[in-house]
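Participant: Model the following, please.
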Amino acid sequence: MENDKMNCRTIAEQIFLAGVESVLPYRLITNEMSLKDSCLKIGHQSFSLETIENIYVIGAGKAGAMMGAEIEKILGNRITEGHIVVKYGYSCKLNFIKVSEAGHPIPDVNGFSATMEILKIAELANWNDLVICLLSGGGSSLLSDIPEGCLPDDMIKVNDLLINCGASISEINAVRKHLSVVKGGQLARVVYPATLVNLILSDVPGDPFDVIASGPTVPDPTTFLQALTVLATFGLTRSIPRGILTFLKEGAAGKKPETPKPGDPAFDKTFNILIGSNRMALEAAKSKALEFNINAVIIDDQLQGDTSTVAEYLVETAIRFKSDKDEVKPVCLLFGGETTVKMTGKGTGGRNQHLALLSAILLQNNPGITILSAGTDGNDGTTDVAGAVVDSDTIHGAISKNIDPEKHLNEFDSFHFFKKAGGHIITGPTMTNVMDIIVVIVE
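Facilitator: Numbering: from 1, shown residues only. Sure, this is the predicted structure:
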């Protein structure tokens, strides 16, 4: 491999894109689902269509529409009815399944409306029916309803506070599940006694079913009290709308029904199948690196925690590999997961661009290391870019253009830093989501 900075950046991007390609819905659905004569196979389960009266398809998440397109290729007009809610820009035209677009990462009225329609379909399902549910990243925001006694603006505000407070996705979803009649296993409760098969694309470290899309089809281990504890831990108790706090307190006092727990009969006919994960994407990225004759190592597929701490860890790991004379170089270090950013500035960006900018500052005196951080969904935060790629020249180049990296960092304005300095990774909506991929090339 040529020791050329732009070459390393380009190669890092190709490695990232190979990871994304491996978890696109057309690959994942056909790997898990097939129809021969009247026998429908989904994962390890087989269903005779001769005994099924109706097939309903519902779902939520960024990959939902494309997952639905693959389901339609297999089942066609055997689908009785369906409805999937996706993020704006992630839709495609389907013939038998309705697709709604809605707000993410903050829910909106379109999401509330689509969720009610999805619940109506779930309520139609009966004993001899099959419900196929398609869940992917973004499902928690998209499959969203309004608690009794609360207003749409209340839910919008509490979600905004949650995603910007620095809480982990597990903590955020513990609150979301207790402000819903669909999350935390409650969708399975509505679908029962029909058979429910869930095809799940994970966007959570470790792939816990109860956290992905706020676990609408699995038992919920969290409680109202834990939801209140999350709000207290992150100093949100006084900030959230009064109606939201009252609802959660009434739940903790036993005045609202808890989410279904393990052993609940609602799950007797429910099957949850993981069809895609960050690990799968990293394995494909590793194979791509090897095609470039670059030694490749998957370091961690469950990366999480504060973005600044993770940036330090990434750079320290890269420097350690660089200084180790026994390591074959060039080497590609691969990481996957989802970090958290506690916003204190009013700039524009996302966790990947913020991590890249932090890394660039740490790398300015460490040549021979390239770091790319990007979201597999093609969006970072509220921006239309996936992330950014940096090396030791990034900061020097920015300063030569009179761009102040520290100012952009302190204002949490990484998007405009990279827009001016260069380095953005732009894919457009990928129609999938298995968290973030970080590619580190050490020369």
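
Participant: Keeping just the C-alphas, turn whichever strand in the chain runs longest into PDB.
Facilitator: Ordering each strand of the chain by length in residues (DSSP state E) puts strand 295-306 first. Written as PDB, here are the backbone C-alpha positions of strand 295-306 (Å, rounded to 0.1, in the frame of the first residue of the first chain):
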ATOM      1  CA  ASN A 295      -3.600  -6.800   8.200                       C
ATOM      2  CA  ALA A 296      -7.000  -6.400  10.000                       C
ATOM      3  CA  VAL A 297      -8.100  -6.900  13.600                       C
ATOM      4  CA  ILE A 298     -11.600  -6.400  15.100                       C
ATOM      5  CA  ILE A 299     -10.900  -4.800  18.400                       C
ATOM      6  CA  ASP A 300     -14.400  -4.200  19.800                       C
ATOM      7  CA  ASP A 301     -18.000  -4.500  18.500                       C
ATOM      8  CA  GLN A 302     -19.600  -3.100  21.700                       C
ATOM      9  CA  LEU A 303     -17.800   0.300  21.900                       C
ATOM     10  CA  GLN A 304     -19.800   2.700  24.100                       C
ATOM     11  CA  GLY A 305     -19.300   5.500  26.600                       C
ATOM     12  CA  ASP A 306     -18.400   9.200  26.400                       C
END
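
Participant: Please point out which parts of whichever helix or strand comes after that strand sit buried.
Facilitator: Where DSSP states H and E defines the elements, the next helix or strand beyond strand 295-306 is helix 307-323. When neighbours are counted by 16 or more other Cβ atoms under 10 Å, the buried residues of helix 307-323 are found to be 307-308, 310-311, 314-315, 317-319, 321-322. Glycine gets a C-beta too; all of them are placed from N, C-alpha and C.

Participant: Just after helix 307-323, pick out the following helix or strand.
Facilitator: Moving toward the C-terminus from helix 307-323, the first helix or strand encountered (DSSP H and E) is strand 331-340.

Participant: any idea of the angle the following helix or strand past that following strand forms with helix 307-323?
Facilitator: The element immediately downstream of strand 331-340 (helix or strand, assigned by DSSP H and E) is helix 351-363. What separates the directions of helix 351-363 and helix 307-323 is an angle of 50 degrees, with axes from the mean of the first three to the mean of the last three Cα atoms, to 10 degrees.

Participant: show me what contacts residue 371?
Facilitator: Contacts of residue 371 were listed using Cβ atoms under 8 Å, 6 or more residues apart in numbering, and they are 12, 314-315, 318, 356, 359-360, 363, 389-391, 438-440.

Participant: Kindly recompute the last result at 6 Å.
Facilitator: With contact set as Cβ atoms under 6 Å, 6 or more residues apart in numbering, residue 371 has these partners: 359, 390, 440.

Participant: Bridge partners for it, pull those for me.
Facilitator: According to DSSP bridges, residue 390, residue 440 are recorded as the beta-bridge partners of residue 371.

Participant: related to what we said a few turns ago, now the longest strand of the chain and helix 351-363, what's the angle there?
Facilitator: Between the axes of strand 295-306 and helix 351-363, defined by the same axes, to 10 degrees, the angle is 110 degrees.

Participant: Strand 295-306 - contacts with which helices or strands?
Facilitator: Taking 3 or more Cβ pairs under 6 Å, 6 or more residues apart in numbering; DSSP states H and E as contact, the helices and strands that strand 295-306 lies on are helix 278-291, strand 331-340.

Participant: Please identify the deepest-packed of these.
Facilitator: When neighbours are counted by mean count of other Cβ atoms under 10 Å, the highest per-stretch mean among these falls to strand 331-340, a mean of 22.

Participant: Pull up the pairing partners for it, direction included.
Facilitator: Looking at strand 331-340 with DSSP bridges, its paired strands and their directions are strand 295-306 (parallel), strand 436-442 (antiparallel).

Participant: Would you work out how far apart the start and end of stretch 124-142 are?
Facilitator: Stretch 124-142 has an end-to-end distance of 21 Å (criterion: Cα to Cα, to the nearest Å).

Participant: Just give the nearest non-adjacent residue to residue 201, would you?
Facilitator: Using Cβ to Cβ, 6 or more residues apart in numbering and skipping residues adjacent in sequence, the residue nearest residue 201 is residue 136, 3.9 Å away.

Participant: isn't that neighbour right next to residue 59, touching?
Facilitator: No - between residue 136 and residue 59 there is no contact under Cβ atoms under 6 Å: 7.8 Å.

Participant: neighbour count winner among the two?
Facilitator: For residue 136 versus residue 59, the count of surrounding residues by other Cβ atoms under 10 Å is larger for residue 136: 34 against 30.

Participant: ok, that one - contacts?
Facilitator: By Cβ under 6 Å, 6+ apart, the neighbours of residue 136 are 61-63, 201, 433.

Participant: nearest residue to residue 321 other than its sequence neighbours?
Facilitator: Computed as Cβ to Cβ, 6+ apart, the closest residue to residue 321 that is not its neighbour in sequence is residue 442, at 4.9 Å.

Participant: can you pull the contacts of the one you found?
Facilitator: Taking Cβ under 6 Å, 6+ apart as the definition of contact, the neighbours of residue 442 are 318, 321-322, 331, 369.

Participant: do you know how far it is from residue 339?
Facilitator: Taking Cβ to Cβ, to the nearest Å as the criterion, residue 442 is separated from residue 339 by 21 Å.

Participant: Same check on residue 192?
Facilitator: When Cβ to Cβ is applied, the distance between residue 192 and residue 339 equals 37 Å.
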